[in-house]
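Asker: dropping the sequence and predicted coords here.
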Amino acid sequence: MVIVSLVFFALFFFLLHKIGAALAKSVSSYLLLTFLGLVGISIPLGYVMSFFGQTGSALTWSISLSLITGALYFLMLRFTSTEVVRFRKLFRQSIADKKQIWSELKLVEKLIFGVLGAGVFVCTLINVYVLFATYPNEWDSMTGHLVKCAYYIQNGNMDRLSGTTWSIDFYPNSLPSLQILGFHIFGEKGFKLIHFLSYWVFVITSYSITQEIFSNKKAAIFVGLISALLPSALIQAVTTETDIVQSAYLGLVVLFLLKVYKKASWENVGLFVLSSSIWVSHKVTFLLIGPPVAILVLFMIWKSGEVRKKIVKTVLLLLLGLAFYVLPNGYIGNVKEVGKFSLGALSAPAEVMKWHGIEGYSGVEKLKNFQFNVLRYSSDFLQLDGIRNTEFGSKVNDTFRYFPNKFFDKFGLERGVFWVVYPFEMMGNETMHFYKERPFWGIISFLLVLPALFFVLIRAWKNRASEKVQLSLVFIVAGTLHFLSLCFSAPYDPIKGRYFMNMVVWFIPLLAWFFEVKKGKYYLVFCSLIIVVSGFFTLSHRGLYPLVGERNIFEQDRIAQLTQTRPESTEAYYEFEKLVPEDAVVALGTQQEHEDYVYPLWGPNFKRTLIPIHPFRAPVKPIPNEAEYLFYSEGVIPFKEGDIRLNEGDKGPDTPVIESTFYLRKL
């Protein structure tokens, strides 16, 4: 059955390739359209698989994908006049274009592209190796995101689970559909596939958006290379976080909006509607990104009569797309469980919104939180991300931070009560080293983006009639609004570096202005060298997949990798594997609220059946009759004579929460 499934998966990707090649005008558009086809087909199919109880069946997935894609390919050939173009032709044309551009570059420009290209190549090799050689081990995934996927595969459906962690039930089912597809194709490591693809879609959309605005391929390539070396993007490329996927979707939405603005054809409108529907289905934080997107939409309506003519039909199509992609994804179930409609209820229960939201704040508290967060996150941007991961780089960062610390220290930002995970620290959470896993943009933010913003404002003062200037101003307003909405919407959170990843879509295309003027290229050489060094150290000295040191990820086995961020619990999972058969039924009495890792308990072959008996914010349920073992945390289930203690428990302040002492009971 495995071989048959792989054959049908290969057929699916072949047909997807044929459709993408037929519709594409270039290699970049081929890659984006193929990605859009992949997620556009797989997400609703995931809902259908759940309805028929086939979520865990690789064979059903593969056959269904092949049939749907085959039907679409047939309809495209039958009812459109699209000329089917061989991908080889697109590829040869792309190579010829790049050779032509390279031959026209000046020496200093060749140096810029050579340095950045070499950096992207090395960082890509590292991440590809990590992708296929390591197991997913990110904290939220071990407690929530991948636990959710494993339950869905185990149960065959996406029904609500009453899981120990709130995110198991409240996060939408759009992304799990894609992660489960990756699992069926590549096994456990395939959970990371959609995230790695999203990283490249983020890079390509940055390139394409720049090309749409500036019609300058040199500038677009530069922006694409910088995007690929963004510390936040490099880190998220091989984790199972949700935000890199969000950035990819946002990039597609903005790109197709620009295409509609340039040519309001129904093809472009359809691509915008499809990408927007997928984007909204992904995660409720689209509400924070919505206002910036609305800024671009309003500009388009104001400037284009063709856009205005198609507004009504576009809205109707969008409503249809939202019904198709969003209604089945879990938002409705969330509101029903909370018991009332609110924006917060779409994504989390009321208890969680007290920690992660500001709905319960007074007006004065909201204003204070907003003011402090603007300063706190501004401080977080002014760090040498990546470079400061090393011992020497940390000293360099300390020196660099001398004047920023003098400035920000005046506001008392390290005091207050508005925390989510961990308090704000001037140097960027030195104690828990969150900056290694949640970096911001490094020097790209203040040595490239800020100068570009000032340059656009100066240009706008002199020539506001230029379309490039007008679109750049719209992107500045949208990006600024994006920043302010993140500052306003929640208490300070040191892991927000991954949320600000989405904001890159607005600001990074503006770096094209460095290629709109003749001066400043040697400055770009200097920045490029630092960015490449930063990118390398971002990957070599990260916390989840360190390439060096005592906890080198490549010298660890699966369990050690899975528990990389909770080392004092590793012993318990080793003991569990020794004592519990791989096909056993296990009741789970674990801690709530993202505290205990559940994912490792399924085992390497995912044959165990796990049954949670300690639902989020609810009493412990009775142990089910079919359970053969009970795995529990101290304090959740009373100790009983004969229970086996699996580990020593928490010994030091190396994690934000106390690590549990685990016990096992044979039933």
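Answerer: That came through fine. Numbers count the residues shown, from 1 in each chain.
Asker: which regions of the chain sit below the pLDDT cut-off?
Answerer: Along the chain, the parts satisfying pLDDT under 70 run over 80-85, 416-418, 428-432, 652-654.
Asker: which stretches in it count as strands?
Answerer: Along the chain, counting by DSSP state E, strands occupy 585-589, 609-612, 629-633, 644-645, 662-666.
Asker: hmm, who's touching the fourth one?
Answerer: What it means is strand 644-645. By Cβ atoms under 8 Å, 6 or more residues apart in numbering, the list of residues contacting strand 644-645 from outside reads 575, 579, 661-665. The way it works is simple: take the backbone N, C-alpha and C, and place the C-beta from them, glycine included.
Asker: from these, which two are the most distant?
Answerer: Farthest pair in these (Cβ to Cβ) is 579 and 661. Separation: 16.0 Å.
Asker: ok, these two, which is more surrounded?
Answerer: residue 661 (19 against 14; other Cβ atoms under 10 Å).
Asker: grab the nearest non-local neighbour of the more buried one.
Answerer: Distance criterion Cβ to Cβ, 6 or more residues apart in numbering; nearest residue to residue 661, sequence neighbours excluded, is residue 649 at 3.5 Å.
Asker: so what's the residue count around that neighbour?
Answerer: Count around residue 649 with other Cβ under 10 Å applied: 17.
Asker: and if you look at residue 485?
Answerer: With other Cβ under 10 Å as criterion, residue 485 counts 18.
Asker: my read: it touches residue 286, true?
Answerer: No. Using Cβ atoms under 8 Å, residue 485 makes no contact with residue 286, being 11.5 Å away.
Asker: ok, residue 216 to residue 19 distance?
Answerer: 30 Å (Cβ to Cβ, to the nearest Å).
Asker: hmm, I was thinking of residue 533
Answerer: 41 Å.
Asker: what of residue 253?
Answerer: Relative to residue 19, and taking Cβ to Cβ, residue 253 is found at 21 Å.
Asker: kindly report the same for residue 98.
Answerer: In terms of Cβ to Cβ, residue 98 sits 25 Å off from residue 19.
Asker: out of the two, which sits in the busier spot?
Answerer: residue 19 (21 against 14).
Asker: please spell out which residues along stretch 452-469 are buried.
Answerer: Within stretch 452-469, the residues scored as buried using 16 or more other Cβ atoms under 10 Å are 452-453, 455-456, 459-460, 468-469.
Asker: hmm, I was thinking of stretch 644-657
Answerer: Using 16+ other Cβ under 10 Å as the test for burial, stretch 644-657 gives 646-647, 649-650, 655-656.
Asker: packing partners for the lengthiest helix in the chain?
Answerer: The longest helix of the chain (DSSP state H) is helix 107-133. Under the contact criterion of 3 or more Cβ pairs under 8 Å, 6 or more residues apart in numbering; DSSP states H and E, helix 107-133 touches helix 193-214, helix 217-228, helix 521-540.
Asker: format these as JSON lines; extra columns: mean neighbour count and distance to residue 111.
Answerer: Below are these laid out as JSON lines (neighbours: other Cβ atoms under 10 Å; distance: least, Cβ to Cβ, whole Å):
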{"stretch": "helix 193-214", "mean neighbour count": "24", "distance to residue 111": "20"}
{"stretch": "helix 217-228", "mean neighbour count": "23", "distance to residue 111": "12"}
{"stretch": "helix 521-540", "mean neighbour count": "20", "distance to residue 111": "5"}
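Asker: would you list those helices in CSV and tack on distance to residue 474?
Answerer: Formatted as CSV, those follow (distance: least, Cβ to Cβ, whole Å):
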stretch, distance to residue 474
helix 193-214, 10
helix 217-228, 17
helix 521-540, 25
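Asker: relative to residue 49, which of those is closest?
Answerer: helix 193-214 (16.0 Å).
Asker: quick one: list the elements packing against the closest one.
Answerer: By 3+ Cβ pairs under 8 Å, 6+ apart, helix 193-214 packs against helix 27-51, helix 107-133, helix 174-186, helix 217-228, helix 231-236, helix 243-262, helix 467-489, helix 504-507.
Asker: re the thing from before, closest to residue 249 out of the strands of the chain?
Answerer: Between the strands of the chain, strand 609-612 lies closest to residue 249; by Cβ to Cβ that is 30.5 Å.
Asker: distance-wise, check the residue nearest to residue 661 relative to residue 659.
Answerer: 6 Å.
Asker: circling back: buried sites along the longest helix of the chain?
Answerer: Taking 16+ other Cβ under 10 Å as the criterion, helix 107-133 shows 109, 111-113, 115-117, 119-120, 123, 126-127, 130-131 as buried.
Asker: distance of the nearest residue to residue 478 once chain neighbours are set aside relative to residue 505?
Answerer: In this structure, residue 478 finds its nearest non-sequential neighbour in residue 292, 3.7 Å apart by Cβ to Cβ, 6+ apart. Residue 292 sits 9 Å away from residue 505, going by Cβ to Cβ.
Asker: so for the two, which sits in the more crowded spot?
Answerer: residue 505 (30 against 26).
Asker: ok, that one touching residue 252?
Answerer: No. The criterion here is Cβ under 8 Å, and residue 505 misses it with residue 252 at 9.7 Å.
Asker: what do these two both touch?
Answerer: With Cβ under 8 Å, 6+ apart, residue 505 and residue 252 have common neighbours residue 205.
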